[in-house]
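> attaching a predicted model along with its sequence, questions to come.
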Amino acid sequence: MYKCKTKIINPTGLHARPASDFVSAAKNFSSKIKINDLTNDELPANAKSIIMLLSLGLVQGTDIEILAEGEDEIEAVHTLVELIESGFGEV
């Protein structure tokens, strides 16, 4: 398992469009990928599910962790962290 922490920087958080982009990117990897809101005690959500991702209600400033397990786990985590840190073109 490989994991990395980052922070949501989008002014409106991870709303529908960036969440959709995130899920699409996550689906390009064979690894199991989860995203964890580090500000609460909920279980990590499946990063390949738009419903699960939106249910986290990730707002600007939320500390998150992306976890992956599988043959392309390192590439998956780094790609998704870079996507989050890019602000999805909104910042």
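Great, that's in hand.

> so how many other residues sit close to residue 31?
Close neighbours of residue 31, defined as other CB atoms under 10 Å, add up to 21. Just so you know, the C-beta spots here come from the backbone N, C-alpha and C atoms, and that holds for glycine as well.

> show the average pLDDT along the helix or strand encompassing residue 6.
According to DSSP states H and E, residue 6 maps onto strand 2-7. In this model, strand 2-7 carries a mean pLDDT of 98.

> restricting to C-alpha, output it in CSV.
The C-alpha trace of strand 2-7 is given here as CSV (Å, rounded to 0.1, in the frame of the first residue of the first chain):
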residue,chain,number,x,y,z
TYR,A,2,1.2,3.5,-0.9
LYS,A,3,-0.3,6.7,0.4
CYS,A,4,0.2,10.5,0.4
LYS,A,5,-1.4,13.5,2.1
THR,A,6,-2.5,16.7,0.4
LYS,A,7,-5.0,19.5,0.9
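
> just checking, next helix/strand downstream of that strand?
helix 16-26.

> quick one: contacts of that next one?
Here helix 16-26 makes contact (CB atoms under 8 Å, 6 or more residues apart in numbering) with 10, 14, 33, 47-50, 53-54, 76, 79-80, 83-84, 88, 90.

> pull out the buried residues from the residues you listed.
10, 14, 33, 47-48, 53-54, 76, 79-80, 83-84, 88 (16 or more other CB atoms under 10 Å).

> which of the contacts of helix 16-26 fall within helices?
Of the contacts of helix 16-26, the ones assigned to helices by DSSP state H are 50, 53-54, 76, 79-80, 83-84.

> center of the chain - which residue?
Residue closest to the mean C-alpha point of the chain, counted by CA atoms, centre = their mean, is residue 35 at 5.0 Å.
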